[in-house]
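S.K.: Structure, please.
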Amino acid sequence: MSQTTRTHGFAISNMLKALFRPAGRAAPQSLCDRFLPTLSQATGMVLTVATVGATVTTSASAQAPAAPQPDSVMVAADVEGEGDAMPVPFPEVEGTGADAGLPDGIFTQQGPGDSQGPSSQTVIDPATGEALNIDEAYSDIEMQELDQAVDAAEILDVSAKPADWTLDQPVLEEMPYSASSGNWFNDGRWYASGESLWLDRSRAYRRTIAIDTALLPPPPYDPSNIDDYPLRYTTVSKPFNVAPGARATIGRSLGRDYLNRDRAFEFTYYGGMTYEQTDGWNALGDAAGDNTLVTPLALRVPGYNGAGFYTTAFNSDFNSYEWNFKMRRRLGRDKMVMMPNGDWSRHSERAFLPAGFVGVRLANVNEDFFWQSGRQGVDFSEFGGVYQVHTENWLLGMNFGGELISQNEFFWWGIRGRAAPCLSFASENQSNISNNTIDATFAEGSQNWTASDTTTGPAFLGDLSLMAGFNLTPNFSFKAGYEFLWVAGIATATRQFNLDQRRQDPIDAGGQTFYQGLSFGFEGTW
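M.R.: The predicted structure follows:
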């Protein structure tokens, strides 16, 4: 294909594109853009043959006048806001040749006689002045036009408003701020939590302390059988009040492992609950007198049988300390949410996050029981008794636990449980001081003694929490829950009664206590 044919074809291609392109739009490559170069090349070949024929005809008819050259040609132009054709002027061209009569500004080809110009296989780009291979001229100009079309395309804003714009007031175009898993959850190196506990305690071990002989059991009766007496006083006659406590945790994050799990080491204090209870009874009295209280615990101990009143007091506390290594799964990939204004925002996916921990737990349970007897208006040195029991329990064992949290963007709920099989190191100490020097109806004399014992055995400590929380900031949240706590295998005070010293090994570590109640608190990271 000759240079003239290619040049003619290129000029015709641009004119046909202008004619077939819709007015006022910079369209991307279409069918016309794809096939017009080939069509224009074929047309150029036809025009070249026609030109050669016209030259021969001109040589044969030298007397015929030359046809006048038009001053301009009507072509469709991409003018913003105009869709009509506009004239494109043809410049005056000096000399003759294959490029004579072509519009200025498309591509011009230097003649073969110019030694300084490019070779016959190149053309000059008037916009940049670069020499381009003629085989690449068409594709290059098409890419330039395609880039111009993309740059001219309008950028549409995404809006939450209806398409018909019928609402008088615009809808809210703001969404809640983003809450990504990396910024909202466990993003600090340290974390801490504090909770206020309000727990109830199970009643003490049931023991009958006294009976009132003023009311005899219905006949036939056995005066030695205390279960037959209608007035019996026990250690569980009154429930405990709800006691305040606390739970505090401080932890240090150790980073994430290759499975995207958080690892941490933490210390937890759980306890501070102290339960106190006081009670007492007065004898009803009978014809023989007002001193009708007796105790089945010590029928032969002076100062307790034939009493006019009994007074009791009970005290119990609980404290626990934990050192745990904790591993918790993190949320998965965040989801990308498109905001009404067209921006993209990261939001965490809701998921259940399991966690497990293992460590060491140490707990302490202490109890005291105080019992006093006497007669109204009678000095203690003549009649009366004071009996005290103190128990102390230290539980040490491995602590195993887990939790399952349903994590949402701004709130969470879940369950947590811990279990600690322990060794119980229990000890008890009890003492008695009693006197009866005025009533020979009952045991007379005085006693003053102290006894103690220790034992080691199996025990168990476990707690369960049902909880929920709400994130106020990325690093701070409030939470509330319901708590259960169970301690078993301990020496409770009311199981150690040995007032008459009939037992040689008086300590009993088979007691248990149960706690339950509400919790309120916070947690944060930094």
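S.K.: Packing partners of the helix or strand where Gly384 lies?
M.R.: Per DSSP states H and E: Gly384 is located in strand 383-407. Contacts defined by 3 or more CB pairs under 8 Å, 6 or more residues apart in numbering; DSSP states H and E place strand 383-407 against strand 309-329, strand 351-374, strand 411-436, strand 445-473, strand 476-490. All C-beta spots, glycine's among them, are computed from the backbone N, C-alpha and C.
S.K.: Just the C-alpha atoms of the second one, please, in PDB.
M.R.: Read it as strand 351-374. C-alpha atoms of strand 351-374 as PDB (Å, rounded to 0.1, in the frame of the first residue of the first chain):
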ATOM      1  CA  ALA A 351     -19.900 -13.200  64.900                       C
ATOM      2  CA  PHE A 352     -19.600 -15.600  67.900                       C
ATOM      3  CA  LEU A 353     -16.100 -15.300  69.400                       C
ATOM      4  CA  PRO A 354     -15.000 -18.300  71.500                       C
ATOM      5  CA  ALA A 355     -12.200 -17.900  74.000                       C
ATOM      6  CA  GLY A 356     -10.400 -20.200  76.400                       C
ATOM      7  CA  PHE A 357      -8.100 -19.700  79.300                       C
ATOM      8  CA  VAL A 358      -6.000 -21.700  81.700                       C
ATOM      9  CA  GLY A 359      -4.200 -20.700  84.800                       C
ATOM     10  CA  VAL A 360      -3.900 -21.000  88.600                       C
ATOM     11  CA  ARG A 361      -6.600 -20.000  91.100                       C
ATOM     12  CA  LEU A 362      -6.300 -19.400  94.800                       C
ATOM     13  CA  ALA A 363      -9.300 -18.800  97.000                       C
ATOM     14  CA  ASN A 364      -9.900 -18.100 100.600                       C
ATOM     15  CA  VAL A 365     -13.100 -18.800 102.600                       C
ATOM     16  CA  ASN A 366     -13.300 -17.900 106.300                       C
ATOM     17  CA  GLU A 367     -16.200 -18.300 108.700                       C
ATOM     18  CA  ASP A 368     -16.900 -17.500 112.400                       C
ATOM     19  CA  PHE A 369     -19.700 -18.700 114.600                       C
ATOM     20  CA  PHE A 370     -20.400 -17.100 118.000                       C
ATOM     21  CA  TRP A 371     -22.900 -18.500 120.600                       C
ATOM     22  CA  GLN A 372     -23.700 -17.000 124.000                       C
ATOM     23  CA  SER A 373     -26.100 -18.300 126.700                       C
ATOM     24  CA  GLY A 374     -27.200 -16.700 130.000                       C
END
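S.K.: and the angle for it with strand 411-436?
M.R.: Interaxial angle of strand 351-374 relative to strand 411-436 (axes from the mean of the first three to the mean of the last three CA atoms, to 10 degrees): 10 degrees.
S.K.: and strand 351-374, what does it pack onto?
M.R.: Strand 351-374 packs on strand 261-282, strand 309-329, strand 383-407, strand 411-436, strand 476-490, going by 3+ CB pairs under 8 Å, 6+ apart.
S.K.: would you turn these into JSON lines with mean neighbour count, distance to Leu254 and mean pLDDT?
M.R.: Formatted as JSON lines, the helices and strands packed on strand 351-374 follow (neighbours: other CB atoms under 10 Å; distance: least, CB to CB, whole Å; pLDDT from 0 to 100):
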{"stretch": "strand 261-282", "mean neighbour count": "17", "distance to Leu254": "4", "mean pLDDT": "91"}
{"stretch": "strand 309-329", "mean neighbour count": "19", "distance to Leu254": "9", "mean pLDDT": "93"}
{"stretch": "strand 383-407", "mean neighbour count": "20", "distance to Leu254": "18", "mean pLDDT": "94"}
{"stretch": "strand 411-436", "mean neighbour count": "19", "distance to Leu254": "20", "mean pLDDT": "94"}
{"stretch": "strand 476-490", "mean neighbour count": "19", "distance to Leu254": "22", "mean pLDDT": "94"}
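S.K.: Output these as a markdown table; include the columns distance to Gly303.
M.R.: Converted to a markdown table, the helices and strands packed on strand 351-374 look like this (distance: least, CB to CB, whole Å):
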| stretch | distance to Gly303 |
| --- | --- |
| strand 261-282 | 16 |
| strand 309-329 | 11 |
| strand 383-407 | 3 |
| strand 411-436 | 3 |
| strand 476-490 | 30 |
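S.K.: and Pro302, which of these is closest to it?
M.R.: When the helices and strands packed on strand 351-374 are ranked by proximity to Pro302, the top entry is strand 411-436, at 3.6 Å, counting by CB to CB.
S.K.: Just checking: what are the partner strands of that closest one?
M.R.: Strand 411-436 pairs in its sheet with strand 383-407 (antiparallel), strand 445-473 (antiparallel), by DSSP bridges.
S.K.: Next one: the residue lying closest to Leu299 once chain neighbours are set aside from Arg206, what distance?
M.R.: Once flanking residues are discounted, Leu299 sits nearest to Asn305: 6.3 Å by CB to CB, 6 or more residues apart in numbering. Here the distance between Asn305 and Arg206 works out to 21 Å (CB to CB, to the nearest Å).
S.K.: contacting residues for Asn241?
M.R.: Asn241 sits next to 275-277 when contact means CB atoms under 8 Å, 6 or more residues apart in numbering.
S.K.: With Arg329 instead?
M.R.: By CB under 8 Å, 6+ apart, the contact list for Arg329 reads 259-262, 353-355.
S.K.: Enumerate the beta-bridge partners assigned to it.
M.R.: Counting by DSSP bridges, the residues bridging with Arg329 are Arg261.
S.K.: What distance do you get for it to Thr391?
M.R.: Separation of Arg329 from Thr391 (CB to CB): 42 Å.
S.K.: same check, this time on Gly356
M.R.: The gap separating Gly356 from Thr391 is 34 Å, by CB to CB.
S.K.: Go ahead and list the helix or strand containing the residue nearest to Leu299.
M.R.: Going by DSSP H and E, Asn305 is not part of any helix or strand.
S.K.: Near it, how many other residues are there?
M.R.: The number of residues packed near Asn305 is 23, by other CB atoms under 10 Å.
S.K.: is it true that it touches Pro296?
M.R.: No - applying CB atoms under 8 Å, one finds Asn305 not in contact with Pro296, separated by 9.7 Å.
S.K.: Break this protein down into its structural domains.
M.R.: If you go by automatic domain parsing, the domain ranges for the chain are 3-152, 191-450+459-485+492-497+519-525.
S.K.: weakest of those by average pLDDT?
M.R.: Ranked by mean pLDDT, the domains of the chain bottom out at domain 3-152, with a mean of 50.
S.K.: residues touching Gly397, list them.
M.R.: By CB under 8 Å, 6+ apart, the residues touching Gly397 are 360-361, 420-423, 459, 461.
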